[in-house]
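Q: The following block contains a protein sequence and its predicted model.
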Amino acid sequence: WPRAAARALRRVAARAEAEQQEATGQQGEEANLNEQEFALGLKGNSQLLGMKGAGEETNKWKLRLQLMKPVTWVPLVWGVACGAAASGAYHWTPEDVAKAAVCMTMSGPLMTGYTQVINDYCDREIDAINEPYRPIPSGKITETEAVVQLSVLLVAALIVAYLLDQWAGHEQPVLLMEATFGAFISYIYSAPPLKLKANGWTGCYALGASYIALPWWAGQLLFGNNLTLDVATLTVLYSIAGLGIAIVNDFKSIEGDREMGLQSLPVAFGVENAKKICVASIDITQLSVAAYLAFGLGEKGWGLAVALLTLPQIWAQVKYFLPDPVANDVKYQASAQPFLVLGILATGLAVGHHNQVIGNIPM
């Protein structure tokens, strides 16, 4: 009897210890989320903005907004501004400001919102593992409601693109064609049978290109309609840095990706190798762009600016990302990405100045 009592006591003690560890882990996750929210200035709004690890929400319209992940709109909005700068034809007039605002709405809330909704719809089984609080796996947004929402967003984006072509006086509907192409990329990125995101390389690059090249093209086509092959190639190459950013987002989904058979780079290469691929793609791309601006376009000042803006990103990689990419992903992005996007703007301004110098601006 004493031995049985001792075994029972040990089981009770072990159960209590396990429960305590679980509670401590949950508290640690909540503390980490709170710290990340504070770092981004988003305290209390993580659920609404679509951030991982957020609390519960019940309001239907807030859930629809959460499904569109507003936090992901910012790079697209910024990309339009960079493209407008690259055109060399943007002026701070009320009409140009209005055009830019409408184009940013098309690229951010509408096209990116469509992309995020279709991604959540196609990933509902994975999200049930990684992010069960999301609107679709939690059942707060039905699958039919999600399909209706993504359809409305897509149709609205295409209508706005066509109207922008008319407003800009384009002979060919170049913005409508680009928006259609972007919608196609979004679909094959998330949906079978191609589902580009199932492969780490193609998925990450498609995402990076969508975040950098496509909004740039939209801004430059809208104001100058002077997108040349070399600049289009430059933005596509710049999207390799976007590939690195996309890899950062894959680290937090390793468990679900592995269980569902998705070959994201952290799953395929392991965390240590994926970290190196990530930082190399971000840093080498920007330094290469800096060299092209300085020696290819003759914009030495802007090339130096892009190179200098890479340095604080390397510091953030060493301090936050390389030690622990899962725990520090938001802190790293909050510390590094402002310098990345400033570098993209500097590149746009360099291209715009070059267009003005060579006279590549439609009258």
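A: Structure's in. What do you need?

Q: Give me the residue at the spatial middle of this structure.
A: Among the residues of the chain, the one closest to the centroid is residue 72, at 5.2 Å (CA atoms, centre = their mean).

Q: Tell me the spacing between it and residue 116.
A: The gap separating residue 72 from residue 116 is 6 Å, by CB to CB, to the nearest Å. For the C-beta atoms, the positions are set from N, CA and C on the backbone; glycine is no exception.

Q: before we move on, the earlier item: pretty sure the residue nearest to the centre of the chain sits in a strand.
A: No: the assignment for residue 72, made by DSSP: H, G, I helix; E, B strand; the rest coil, is helix rather than a strand.

Q: Apart from its neighbours in sequence, what residue is nearest it?
A: The shortest distance from residue 72 to any residue other than its chain neighbours is 5.7 Å, reached at residue 112 (CB to CB, 6 or more residues apart in numbering).

Q: Ok, residue 167 next?
A: Nearest non-adjacent residue to residue 167, counting by CB to CB, 6+ apart: residue 99, 6.4 Å away.

Q: Please identify the helix or strand for that neighbour.
A: Of the helices and strands defined by DSSP states H and E, residue 99 is found in helix 94-105.

Q: got a list of contacts for the helix or strand following that helix?
A: Counting by DSSP H and E, the element after helix 94-105 in chain order, helix or strand, is helix 113-122. Helix 113-122 is contacted from outside by 50, 67-69, 72-73, 127, 134-136, 143, 146-147, 149-150, 153-154, 157, 183, 186-187, 189-192, 195, 197, 210, using CB atoms under 8 Å, 6 or more residues apart in numbering.

Q: Mean confidence (pLDDT) on the helix holding residue 99, please.
A: Mean per-residue pLDDT for helix 94-105: 98.

Q: From the chain's centroid, how far away is that helix?
A: Put simply, helix 94-105 sits 22 Å off its chain's centre (CA atoms, centre = their mean, to the nearest Å).

Q: which regions of the protein sit below the pLDDT cut-off?
A: Applying pLDDT under 70 to the chain flags residues 1-57, 200, 363.

Q: Relative to the whole chain's centre, how far out is stretch 335-352?
A: A distance of 16 Å separates the C-alpha centroid of stretch 335-352 from that of its chain, computed with CA atoms, centre = their mean.

Q: mind listing the helices for the stretch 1-150 of the chain?
A: Counting by DSSP state H, counting those that start in this stretch, one finds helices in the stretch 1-150 of the chain at the ranges 2-40, 46-49, 60-67, 73-87, 94-105, 113-122, 124-130, 143-168.

Q: likewise the stretch 251-363 of the chain?
A: In the stretch 251-363 of the chain, the segments counted as helices under DSSP H, counting those that start in this stretch are 254-260, 265-269, 271-291, 300-316, 329-358.

Q: Report the buried residues of the helix holding residue 99.
A: When burial is assessed from 16 or more other CB atoms under 10 Å, helix 94-105 yields the following buried residues: 99, 100, 102, 103, 104, 105.

Q: Check these and tell me the two furthest apart.
A: Of all pairs drawn from these, the one with the longest distance (CB to CB) is 99 and 105, at 10.8 Å.

Q: which SS class is the nearest residue to residue 227 once chain neighbours are set aside?
A: The spatially closest residue to residue 227, leaving aside those adjacent along the chain, is residue 220, at 4.9 Å (CB to CB, 6+ apart). Here residue 220 is recorded as helix under three-state DSSP.

Q: my guess is residue 220 meets residue 228, correct?
A: No: proximity of residue 220 to residue 228 does not meet the contact threshold set by CB atoms under 8 Å, at 9.3 Å.

Q: When the two are compared, which one has more neighbours?
A: Neighbours per residue (other CB atoms under 10 Å) separate residue 220 from residue 228, with residue 220 holding more: 30 against 13.

Q: ok, the more buried one - contacts?
A: Each residue near residue 220 by CB under 8 Å, 6+ apart is listed here: 83, 84, 86, 87, 226, 227, 231.

Q: Nearest to residue 324 among those residues?
A: Proximity of these to residue 324 (CB to CB) peaks at residue 83, which lies at 35.2 Å.

Q: Just give me the neighbour total for the residue nearest to that closest one when sequence neighbours are not counted.
A: For residue 83, the nearest residue in space outside its immediate sequence neighbours is residue 219; the separation is 2.5 Å by CB to CB, 6+ apart. Neighbouring residues of residue 219 were enumerated by other CB under 10 Å; the total is 28.
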